[in-house]
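A.B. asks: generate a structure from the sequence data that follows.
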Amino acid sequence: MIEAKIPLLTRAGFSALALGLLLLSPLAADKARAESFCVPGPEDRPETALQGGLLVSERDVPGGFQGQWCGMRSVGHHPLPASDTGVNRGSFGDVQLIGHCAYASMRDPSNLNLASTGTAVLDVRVPANPIWLRTLRTPAMQRAYSALEIQKGIMIGAFKDFGPGGNNWFDIYDVSHGCLEPDQPKLLATTTTSSGNHDGWLAPDTNTYYGVPFGGQTILVNPNRIDLHVLDTSDKANPKRLLDWNRRQLPPEVYERLKGTSNFHDVSTNDAGTRVYLALYGGLNAIGGPNNTGSQCANGLLILDSSDVAMRVTNPQLRYISFMSWCDPKNDPVYHYFDKDFDDGSSAAAHATEYVIHENGKEYIVSTDESSAGLDGEWNIVCRQHTFGRLIDIADETHPRVVSTFKPDVGKPDNCARMVAEQINGGMIHYIGFDDRYKMRLVFYAGANYGIRVVDFRDPNHPKEIAYYKAPNAPTTLPGNNDFTRPDPRYDTANCMIYTGWNQGGFRILELTDPEYNGCMRRDASGGGWLAAGGKNKIHFEFHAGRDNAGLGSLDGKFKLDDRAAGASIALDQVTRLGSVRDQCGSILPSANAVQFEGAGTFNGANASFRVCVQDNGEGSKAQADRIHVACTAGCTYSAGGEIDGGNIQVRQR
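C.D. replies: The predicted structure is shown next:
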């Protein structure tokens, strides 16, 4: 954990400093740390090869790869065991979060008839111990994959169909009342869509669903293939088909360029639903030739005007605004964006296009790539196709502009010789999530084969990686393979935690360990009063806990408790952790007005350690009572908690 702010260094300056420090370390003799802006803390297990890389010798060890991380921790884990075997069910799809409930779908389950096949419903009130409550097995939820979305208390799932003639199921649920009761969430409707749903998007007002099929006949073979289909979901009990669209409706010169690709991949809209952003899954594949017939650089971002759909105009149309590719030929007079790392004419397929508003107030698209080389990740294959993440300025939507490109070192062509020589496995930028879609600073990349990578885009022109987490391989991960994270990571601003999953390893909850990036670690709390202990007995307590330097510095705090009835006296004088509530703390749950801190001290004069959780429920006669919970974690067995009876607790965000 970084306890104090470190002056900002250039990448070259940081690398020189890191190398200098490393040469003084006993580790320097046999290993070199990865180049990254993440400064490893005392509990980190950093990468030893290139940024994003994993040595074959580290992966292929007895017991399997044990994980690597920097600036992040695993808070909670549920392996999601299959009901027939008891081992990890695998096939992780997507994850969605609302309140204290998480939903985890599947991509391509091997057996749709198993009771564990479907969308897992998880109770995450205690992040350190997520509980699998039940499995949604309505038709679409059995294989919803990435077409799992939640907006404003409505969740949709769309069945991932693999070919013609299948049932493209679509489910709508009300998830506004939580998941703890047996009849929640509540199914509102089941219908079908006009084509497959590899990916999908529910507009923010919940009234429109966009679905993207994957594979199938190309448009050159089947001019009537569906590239995008749209449902009217304004009547949640009775969704209706609104329109089907394909690229033949584009201007002729644009269609000529895009006709050779097989399909689109991802879709999102702006908040008003008046713009659609599509990732075109095309381009030349350097692994043995084209992955699509037709045009070079026919991959990238397509922007369509969807105002007709948003306003429910009769016979709505999607109208062309612009298309851009990031592998355009150098000096091309029309398509002028050029990336030197694609100057061999190859390009990975555009994978994701997510609309965000930066904390600077400007609109952007965050994009990712996909390639078979990155999905494989092996040292002798991964360099055949490079994959990156981009921040695209859409202020002038007729001429989108790539502002910056995030390129982990294992994705850079200049490092390919080293990767082969040292047998360094790589991966690719793949799925994405954000700290706040409408005030974005951090992007969470779920990088196939190189874990969750956290990138700071505070300066849109100069992204920097500040943390990463690569989970240990699951027991079901085959020898010679690396488990990989797949879904869009979801961030909960109330408890500053990231919810994601690994293909074989199941569901994970992560947190950042630097208070500069984890706002919950900048909270401070103080207070005192009495806790009713039954009858006339009262427990007296007083405390303060926080960090100096405006929440970015060293931990400081004390906690005292006197329980005369129980003969207990607690004096905590060394705070060792402070952040959001993550462990079992009685009735105190993770929320923006709660803090958990831990530390060491004495219990009746003997050494002991403690966990304290406090909740500030506001001021005034109409406010609910504040709460406190204290538990001894070593050296004693004492615990107490509940509503305070006199006094006050304050939790402040810094």
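A.B. asks: what's the distance between residue 641 and residue 590?
C.D. replies: Applying C-beta to C-beta, to the nearest Å, the value for residue 641 to residue 590 is 16 Å. To be clear about C-beta, it is placed using only N, CA and C from the backbone, and glycine gets the same treatment.
A.B. asks: of those two, who's got more company?
C.D. replies: Neighbour tally, residue 641 and residue 590, criterion other C-beta atoms under 10 Å: the higher count belongs to residue 590, 22 against 19.
A.B. asks: and the nearest residue to that one once chain neighbours are set aside, how many neighbours?
C.D. replies: Spatially, and ignoring its direct neighbours in sequence, residue 590 is nearest to residue 495 (3.7 Å; C-beta to C-beta, 6 or more residues apart in numbering). For residue 495, the neighbour count with other C-beta under 10 Å is 23.
A.B. asks: kindly confirm my reading that residue 495 is in a helix.
C.D. replies: No. Judged by DSSP: H, G, I helix; E, B strand; the rest coil, residue 495 forms no part of a helix; its state is coil.
A.B. asks: measure it to residue 324 for me?
C.D. replies: Look at residue 495 and residue 324: by C-beta to C-beta, they are 37 Å apart.
A.B. asks: would you agree the residue nearest to residue 590 is in contact with residue 595?
C.D. replies: No. If you go by C-beta atoms under 8 Å, residue 495 and residue 595 don't touch, sitting 10.5 Å apart.
A.B. asks: what is in contact with the two at once?
C.D. replies: Common contact partners of residue 495 and residue 595 (C-beta atoms under 8 Å, 6 or more residues apart in numbering): 520, 580-581.
A.B. asks: what is the neighbour count of residue 542?
C.D. replies: 14.
A.B. asks: for it, give me its contacts.
C.D. replies: Counting by C-beta under 8 Å, 6+ apart, residue 542 touches 527-529, 559-560.
A.B. asks: bridging residues for it?
C.D. replies: Taking DSSP bridges as the rule, residue 542 bridges to residue 528, residue 560.
A.B. asks: now do residue 431
C.D. replies: Where residue 431 sits in a bridge, its partners, by DSSP bridges, are residue 446.
A.B. asks: same deal with residue 468?
C.D. replies: Beta-bridge pairing for residue 468 (DSSP bridges): residue 70, residue 453.
A.B. asks: in this structure it contacts residue 450, no?
C.D. replies: Yes. In this structure, residue 468 is within contact of residue 450 by C-beta under 8 Å, at 7.5 Å.
A.B. asks: out of those two, name the residue with the larger neighbour count.
C.D. replies: Higher neighbour count among residue 468 and residue 450: residue 450, with 31 against 27, using other C-beta under 10 Å.
A.B. asks: would you mind measuring from the more buried one to residue 441?
C.D. replies: Separation of residue 450 from residue 441 (C-beta to C-beta): 22 Å.
A.B. asks: got the domain ranges for this structure?
C.D. replies: Per automatic domain parsing, the structural domains of the chain span 68-517, 520-652.
A.B. asks: worst average pLDDT in these?
C.D. replies: Lowest mean pLDDT of the domains of the chain: domain 68-517, a mean of 91.
A.B. asks: how far away from the center of its chain is that domain?
C.D. replies: Domain 68-517 sits 10 Å away from the centroid of its parent chain (C-alpha atoms, centre = their mean, to the nearest Å).
A.B. asks: comparing the domains of the chain, which comes out most buried?
C.D. replies: Counting by mean count of other C-beta atoms under 10 Å, domain 68-517 has the highest mean neighbour count of the domains of the chain, with a mean of 20.
A.B. asks: what does the longest strand along the chain contact?
C.D. replies: As assigned by DSSP state E, the longest strand anywhere in the chain is strand 639-652. Outside strand 639-652, the residues that touch it by C-beta under 8 Å, 6+ apart are 523-533, 538-539, 561, 563, 566, 585-588, 593-595, 613-616, 619, 625-632.
A.B. asks: again, only using 7 Å
C.D. replies: Residues from elsewhere that reach strand 639-652 (C-beta atoms under 7 Å, 6 or more residues apart in numbering): 523-532, 538-539, 563, 586, 593-595, 614, 616, 625-632.
A.B. asks: if we can go back for a sec, and the furthest pair within the contacts of residue 542?
C.D. replies: Largest separation among these by C-beta to C-beta: 529 and 559, giving 13.0 Å.
A.B. asks: residue 194: what's it in contact with?
C.D. replies: Neighbouring residues of residue 194 by C-beta under 7 Å, 6+ apart: 226, 229, 241, 244.
A.B. asks: please report how far the residue nearest to it when sequence neighbours are not counted lies from residue 144.
C.D. replies: Counting by C-beta to C-beta, 6+ apart, residue 229 is the residue found nearest to residue 194 once chain neighbours are left out, at 4.7 Å. Residue 229 sits 16 Å away from residue 144, going by C-beta to C-beta.
A.B. asks: with residue 582 instead?
C.D. replies: From residue 582 across to residue 144, the span is 28 Å (C-beta to C-beta).
A.B. asks: same check on residue 362?
C.D. replies: From residue 362 across to residue 144, the span is 33 Å (C-beta to C-beta).
A.B. asks: also residue 456?
C.D. replies: With C-beta to C-beta as the criterion, residue 456 and residue 144 are 31 Å apart.
A.B. asks: beyond the helix or strand residue 133 falls within, next helix or strand please.
C.D. replies: Element membership of residue 133, judged by DSSP states H and E, is strand 131-136. Counting by DSSP H and E, the next helix or strand C-terminal to strand 131-136 is strand 148-151.
A.B. asks: which parts of the stretch 301-450 of the chain are helices?
C.D. replies: Using DSSP state H, counting those that start in this stretch, the helices assigned to the stretch 301-450 of the chain run over residues 307-310, 372-376, 416-422.
A.B. asks: mind checking those helices for the one nearest to residue 460?
C.D. replies: When the helices of the stretch 301-450 of the chain are compared by C-beta to C-beta, helix 372-376 sits nearest residue 460, at 24.4 Å.
A.B. asks: what sits up against that closest one?
C.D. replies: Against helix 372-376 from outside (C-beta under 7 Å, 6+ apart): 287, 381-382, 384-385, 387, 427-428, 448.
A.B. asks: grab the nearest non-local neighbour of residue 193.
C.D. replies: Sequence neighbours aside, residue 168 is the residue nearest to residue 193 in space, at 4.4 Å (criterion: C-beta to C-beta, 6+ apart).
A.B. asks: and the one you found, what does it touch?
C.D. replies: By C-beta under 7 Å, 6+ apart, residue 168 lies in contact with 159, 161, 192-193, 195-197.
A.B. asks: which among the residues you listed gets closest to residue 254?
C.D. replies: Proximity to residue 254 was ranked across the contacts of residue 168 by C-beta to C-beta; first place goes to residue 195, at 21.6 Å.
A.B. asks: so what strands line up beside the longest strand of the chain?
C.D. replies: According to DSSP bridges, strand 639-652 has the following sheet partners: strand 524-532 (antiparallel), strand 627-634 (antiparallel).
A.B. asks: just the CA trace of that strand, in PDB.
C.D. replies: The C-alpha atoms that make up strand 639-652 are tabulated as PDB, following Å, rounded to 0.1, in the frame of the first residue of the first chain:
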ATOM      1  CA  SER A 639     -17.700  -8.800  20.300                       C
ATOM      2  CA  ALA A 640     -20.500  -6.200  20.700                       C
ATOM      3  CA  GLY A 641     -22.500  -4.000  18.400                       C
ATOM      4  CA  GLY A 642     -25.800  -2.400  17.500                       C
ATOM      5  CA  GLU A 643     -27.400   1.000  17.600                       C
ATOM      6  CA  ILE A 644     -25.800   3.500  19.900                       C
ATOM      7  CA  ASP A 645     -27.800   4.900  22.800                       C
ATOM      8  CA  GLY A 646     -26.500   8.400  23.200                       C
ATOM      9  CA  GLY A 647     -23.600  10.000  21.500                       C
ATOM     10  CA  ASN A 648     -22.700  10.500  17.900                       C
ATOM     11  CA  ILE A 649     -20.600   8.900  15.100                       C
ATOM     12  CA  GLN A 650     -19.400  10.900  12.100                       C
ATOM     13  CA  VAL A 651     -18.000   9.500   8.800                       C
ATOM     14  CA  ARG A 652     -16.400  12.000   6.400                       C
END
